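Asks: Below is the sequence, then the predicted model.
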Amino acid sequence: MTERAVAFGAHSALIGVVCEPTAPAGVRRAVLMANIGMHHRVGPSRLYVELARALATSGLYVLRFDLSGMGDSAPRRDGTSSNDSALRDLDSAMTFMTSNCGIAEFVLVGLCSGVDGVHAAAACDARVRGAVFIDGYSYPTTGFLARHAILRPLQPGRWMRYARRLVRGQARRNTAARDATVFAREEPSRAQFAVDLLAMTARRARLLFIYTGGATSRFNAPRQLAEMLGRASLPAGVDCVLLPHADHVFSRTDQRRLLCERITGWCAALPAEAPAG
Amino acid sequence: MNLPDDGSIPVPQVVPAYFGAGGRQLFGIQHLPSGDDARDLGVVLCHAAPQEYSATYWAMHKLARLLSAAGFHVLRFDYSGTGDSAGESDAVSLQRWADDIPLAMQQLRDASGVRRVALVGMRLGATLALRAVAAGARAREVVMWEPVISGSAYLRELDTAEAHRLSLLNYPEPDERLDDEWMGFPFPATMHAETTAVDLLTEPLGRLGRMLIVSSSPSPAQEALHARASAAGVEAAMQVLPDPVLYGGDAHPGETLLAHEIPVAIVAFLVHCSA
């Protein structure tokens, strides 16, 4: 595995690192990871570095990079909205890997707000062979609400921490409200999400949804994904995994390792045939 | 420093590159100076340790852009086993990080042609910069931004920040605390021992010419370091400026975008040094 610093896109404004496998897999594919929110391309706790190296060791090419205006990449000056900008940046990244490494099939990985661009690209770009959504979109379902109502009071740690806060006189911080004012996002409606997902599967793109324990307040069982689609089971080619012991940014080494194993194994099992246009 | 009327900072041209030998590939971003009049003093930025890297990343990024706008060649780089550099996160050591700094200085000299290089260190990066100079790195000017002066005090701060971080985790339940991981990164026993041993009030200062200590809150340890450097013949200055706190449990990555007074003061100091 070797790592190479690259600048690509218009005016070479996008900055990234290409991980090249020593022994490329039979099917030449590249995994693309764009930065997450305020974190630059290494990811929180260096998550994307570890994941990229694991994938490259398994034979895949990987490009980690900063979206326009984030990390070391220069901002766009054309007034493009953030979602359109991410889509254009991903397009530039795929074009670069095609011309630079001869790769035409791609797997996109997104975490949290990083899923916005991945979702948009997977919905419309035939080069996307697979997509991994980590703590991506979620919508409350009847099943979710029932599980939430039943399971939440049964967590002893919640009561203990609530008691500790009362003793300390510590008001609970409403971090979600604070963050919402700073990190406003445009998410697709539940109906649009279902339409997009089915469009992705219709051209045989493979999809992996991973939710962490950090997303428990909005996603609490793998079956919720099928519920979100109004189906009894997931469509073919769609997998969903819950990692209940991981927090949202994978701050524990063992959980980062588990995530790397899950994604690397899933990528290795991707079929070789080209997707339908 | 001449900035546009709207207060925006020009976006410098950046050059990403790996440097160093074999298995010790370090990643660096060189910010090229804006305009035609590049200064002959280059600046290497030494990041904080991984536990405080994200919280301080944007402040260092902003400083690099301001320095570039003022005509400096700048290199930001990642220590071994951190950021984009080679190495695993659990195979890190202070000694190795300090040894990385002269490699980064040489990279900046080779890439830019500057003859003199100054160091700016953030938090533990300031400690490492001073140690690199004491070990013979050819930098006459060092800026210490919120420096870690006592390793044991720093460990207590990290411990508090980690406890605070865990207290804010609603899911999953933080039922256990790992002894060898802090703030999302491995913290091996060797690193713990090395950090405990840090005491800049007793360590050699090397052939330092000028030192600026700058922070957002006054500290007796910083005053003591300032006094010690002055007594040793270093042209030392200390400034306390009203910027947000960038590290610790209350730090939020977005708030580092607000760092301004300190980066501007650092640029002014280095402009003075380059004259």
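Replies: In hand now; what should we look at? If you're wondering where the values come from, they're calculated on a predicted model, not measured in any experiment.
Asks: pLDDT averaged over stretch B:190-202 - what is it?
Replies: Mean per-residue pLDDT for stretch B:190-202: 96.
Asks: where's the most centrally placed residue in chain A, which helix or strand?
Replies: Centroid check for chain A by C-alpha atoms, centre = their mean gives A:Gly110 as the closest residue, at 2.1 Å. Assigned by DSSP states H and E, A:Gly110 falls within strand A:105-111.
Asks: Do a quick rundown of the helices in the stretch 151-275 of chain B.
Replies: Ranges of helices within the stretch 151-275 of chain B are B:151-168, B:189-196, B:220-231, B:261-274, based on DSSP state H, counting those that start in this stretch.
Asks: Worst mean pLDDT among the ones you listed?
Replies: When the helices of the stretch 151-275 of chain B are ranked by mean pLDDT, helix B:151-168 comes last with a mean of 88.
Asks: what sits against the residue nearest to A:Gly102 when sequence neighbours are not counted?
Replies: Closest residue to A:Gly102 in three dimensions, ignoring its sequence neighbours and counting by C-beta to C-beta, 6 or more residues apart in numbering or on different chains: A:Arg28, at 6.7 Å. To be clear about C-beta, it is placed using only N, CA and C from the backbone, and glycine gets the same treatment. By C-beta atoms under 8 Å, 6 or more residues apart in numbering or on different chains, A:Arg28 lies in contact with A:Tyr61, A:Cys101, A:Gly102, A:Ile103, A:Ala104, A:Glu105.
Asks: thinking the last one is in contact with A:Arg29, fair?
Replies: Yes - under the criterion of C-beta atoms under 8 Å, A:Glu105 is in contact with A:Arg29, at a separation of 4.6 Å.
Asks: Mind listing the shared neighbours of the two?
Replies: By C-beta under 8 Å, 6+ apart, the residues touching both A:Glu105 and A:Arg29 are A:Arg129.
Asks: what about those two, which has more around it?
Replies: A:Arg29 (23 against 20; other C-beta atoms under 10 Å in any protein chain shown).
Asks: Please report the distance of the more buried one from B:Val234.
Replies: Going from A:Arg29 to B:Val234 by C-beta to C-beta, to the nearest Å gives 56 Å.
Asks: repeat for A:Asp247
Replies: With distances taken as C-beta to C-beta, A:Asp247 is found 44 Å from B:Val234.
Asks: Which one of those two is surrounded by more residues?
Replies: A:Asp247 (24 against 19).
Asks: can you give me the offset of stretch A:66-80 from its chain's centre?
Replies: Its chain's C-alpha centre and that of stretch A:66-80 lie 20 Å apart, by C-alpha atoms, centre = their mean, to the nearest Å.
Asks: ok, and does it reach over to chain B?
Replies: Yes - Stretch A:66-80 lies within reach of chain B by C-beta under 8 Å from any C-beta of the partner chain, at A:Asp72, A:Ala74, A:Pro75.
Asks: and B:Pro186, how many neighbours?
Replies: Other residues within reach of B:Pro186, judged by other C-beta under 10 Å, total 19.
Asks: OK, contacts around the closest residue in space to A:Ala215 that isn't next to it in sequence?
Replies: Leaving aside its chain neighbours, A:Ala215 sits nearest to A:Asp135 (4.7 Å; criterion: C-beta to C-beta, 6+ apart). The contact partners of A:Asp135, taken as C-beta under 8 Å, 6+ apart, are A:Leu111, A:Cys112, A:Val115, A:Ile210, A:Tyr211, A:Thr212, A:Gly214, A:Ala215, A:Phe219, A:His248.
Asks: ok, now A:Gly143?
Replies: If you count contacts by C-beta under 8 Å, 6+ apart, A:Gly143 has them with A:Ala221, A:Arg223, A:Gln224, A:Glu227.
Asks: so who does the third one touch?
Replies: Put plainly, it is A:Gln224. Here A:Gln224 is in contact with A:Ser138, A:Thr141, A:Gly143, A:Phe144 (C-beta under 8 Å, 6+ apart).
Asks: In CSV, list the C-alpha atoms belonging to the strand holding A:Gly110.
Replies: Listed next in CSV are the C-alpha coordinates belonging to strand A:105-111 (Å, rounded to 0.1, in the frame of the first residue of the first chain):
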residue,chain,number,x,y,z
GLU,A,105,-16.3,1.8,-10.9
PHE,A,106,-16.7,3.5,-7.6
VAL,A,107,-17.9,2.9,-4.1
LEU,A,108,-18.7,6.1,-2.1
VAL,A,109,-18.6,6.3,1.6
GLY,A,110,-20.3,9.0,3.7
LEU,A,111,-20.8,9.6,7.4
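Asks: Contacts for that strand next, please.
Replies: A:27-34, A:36, A:43, A:47, A:51, A:60, A:90, A:94, A:97, A:116-119, A:121-122, A:127-136, A:263, A:267, A:270, A:274.
Asks: Tell me how far the residue nearest to A:Gly102 lies from chain B.
Replies: Distance, A:Arg28 to chain B, by C-beta to the nearest C-beta, to the nearest Å: 23 Å.
Asks: Phi and psi next, for that residue.
Replies: phi -80, psi 110 (degrees, to the nearest 10).
Asks: so what's it scoring on pLDDT?
Replies: pLDDT at A:Arg28 comes out at 89.
Asks: Which of the contacts of A:Asp135 fall in helices?
Replies: A:Val115 (DSSP state H).
Asks: Pick the one among the contacts of A:Asp135 closest to chain B.
Replies: A:Gly214 (5.3 Å; C-beta to the nearest C-beta).
Asks: Confirm for me that the closest one is in contact with A:Leu243.
Replies: No - checked against C-beta under 8 Å, the pair A:Gly214 and A:Leu243 is beyond contact range at 9.2 Å.
Asks: Contacts only, for the closest residue to chain A within the stretch 1-150 of chain B.
Replies: Going by C-beta to the nearest C-beta, chain A is nearest to B:Pro16 of the stretch 1-150 of chain B, at 3.8 Å. Contact analysis of B:Pro16 by C-beta under 8 Å, 6+ apart lists A:Ala5, A:Val6, A:Ala7, A:Ile15, A:Val17, A:Asp72, B:Phe27, B:Gly28, B:Ile29, B:Gln30.
Asks: please redo it, this time with the cut-off set to 10 Å
Replies: Taking C-beta atoms under 10 Å, 6 or more residues apart in numbering or on different chains as the criterion, B:Pro16 is in contact with A:4-7, A:12, A:15-17, A:72, B:27-30, B:84.
Asks: In three-state terms, how would B:Gly42 be classified?
Replies: Assigned with DSSP: H, G, I helix; E, B strand; the rest coil, B:Gly42 falls in the strand class.
Asks: Distance check, the residue lying closest to it once chain neighbours are set aside against B:Arg138.
Replies: Distances taken as C-beta to C-beta, 6+ apart place B:Val114 nearest to B:Gly42, at 3.7 Å, with adjacent residues excluded. Plainly put, B:Val114 is 12 Å away from B:Arg138 if you go by C-beta to C-beta.
Asks: Spell out which parts of the stretch 1-150 of chain B neighbour chain A.
Replies: B:11-19, B:25, B:27-29, B:31, B:50-51, B:53-55, B:57-58, B:61, B:64, B:76, B:78, B:81-90 (C-beta under 10 Å from any C-beta of the partner chain).
Asks: of the residues you listed, buried ones?
Replies: The neighbour-count test (16 or more other C-beta atoms under 10 Å in any protein chain shown) marks B:11-19, B:25, B:27-29, B:31, B:50-51, B:53-55, B:57-58, B:61, B:64, B:76, B:78, B:81-87, B:89 as buried among the residues of the stretch 1-150 of chain B next to chain A.
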